[in-house]
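Undergrad: quick check, what structure comes out for this input:
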Amino acid sequence: PVPRGQKVAARKGFGLSDWVRLKRSAKDLALLRGKPIRTNITPQEIKTHDDIHDAWVSLNGKVYNITPYLHYHPGGLEIFDGTLGQDISDLYKKYHPWVNADGLVGNLLIGYLDTSSQNEQEESASYLPQQVLGNDGFAMPAPRPPKTTTTTATTKSSSNVAATSSVLSSNNEDEDMEDLNPWEKR
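TA: Now for the predicted structure:
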């Protein structure tokens, strides 16, 4: 395998200009075979196309059959290890922010990612009361109830400034430790 960032020599006939020529001359690079572009491709279906002979990826909500492009990629085939059959949006933004994906592989578009399955997963947490869910959709622990057995004592100091302190009626430290979350215990 070639280390990341190191250039790979393109095989004869598999350079970028060869890819552009193929894009212009090929009738059905996405292998749709006359079928319309789909609007309901699930992430689970994409995962089943994870081989160099049948390679699908999702990129920014669009699903591409990149099988014909794999051998033309300047980074070589090895760079795709572990990425075929997955959403590559973050990797694409990281390594190719200047590349127009529609210009490069736009004719390999086979459909759009079905976002209703993601909505169903988000709705599955709707059984929780809304105040329990955080902004990120994860459940938050309920807040601890306030201690009701506190009294306030006021003392005067030598500078005649009143200082107020809260004194617990319970002096048992073990009881106080039970109220703490596990990560707050000393």
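Undergrad: helices of the protein, start to end?
TA: For the chain, applying DSSP state H gives helices covering 16-25, 43-47, 89-95, 101-105, 116-123, 173-178.
Undergrad: just give me the neighbour total for the nearest residue to I66 once chain neighbours are set aside.
TA: Distances taken as CB to CB, 6 or more residues apart in numbering place A55 nearest to I66, at 5.1 Å, with adjacent residues excluded. Bear in mind the C-beta positions are built from the backbone N, C-alpha and C, glycine included. Residues near A55, counting by other CB atoms under 10 Å, number 20.
Undergrad: can you tell me how far A55 is from F80?
TA: Using CB to CB, to the nearest Å, A55 is found at 7 Å from F80.
Undergrad: what's the answer for L70, then?
TA: Separation of L70 from F80 (CB to CB): 6 Å.
Undergrad: identify the contacts common to those two.
TA: Common neighbours of L70 and F80, using CB atoms under 8 Å, 6 or more residues apart in numbering, are 52, 55.
Undergrad: if you rank every helix and strand of this protein by mean pLDDT, what lands last?
TA: Lowest by mean pLDDT, DSSP states H and E among the helices and strands of the chain is strand 162-168, with a mean of 41.
Undergrad: R33: how many residues sit nearby?
TA: 6.
Undergrad: quick check: closest non-adjacent residue to H71.
TA: With sequence-adjacent residues excluded and distances taken as CB to CB, 6+ apart, H71 is closest to F14, at 5.3 Å.
Undergrad: repeat for S58
TA: D87 (4.5 Å).
Undergrad: quick one: contacts for the one you found?
TA: For D87, counting by CB under 8 Å, 6+ apart, the contacting residues are 43, 46, 57-59, 113.
Undergrad: reformat those as a markdown table; add pLDDT.
TA: A markdown table is the format used below for the contacts of D87 (pLDDT from 0 to 100):
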| residue | pLDDT |
| --- | --- |
| P43 | 95 |
| I46 | 96 |
| V57 | 97 |
| S58 | 96 |
| L59 | 96 |
| L113 | 94 |
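Undergrad: nearest to V20 among those residues?
TA: For the contacts of D87, the residue nearest V20 by CB to CB is L59; the value is 19.2 Å.
Undergrad: show me where this structure has its strands.
TA: Using DSSP state E, the strands of the chain run over residues 38-41, 50-51, 54-59, 62-65, 109-113, 150-156, 162-168.
Undergrad: state the number of residues packed around Y64.
TA: The local packing of Y64 (other CB under 10 Å) involves 23 other residues.
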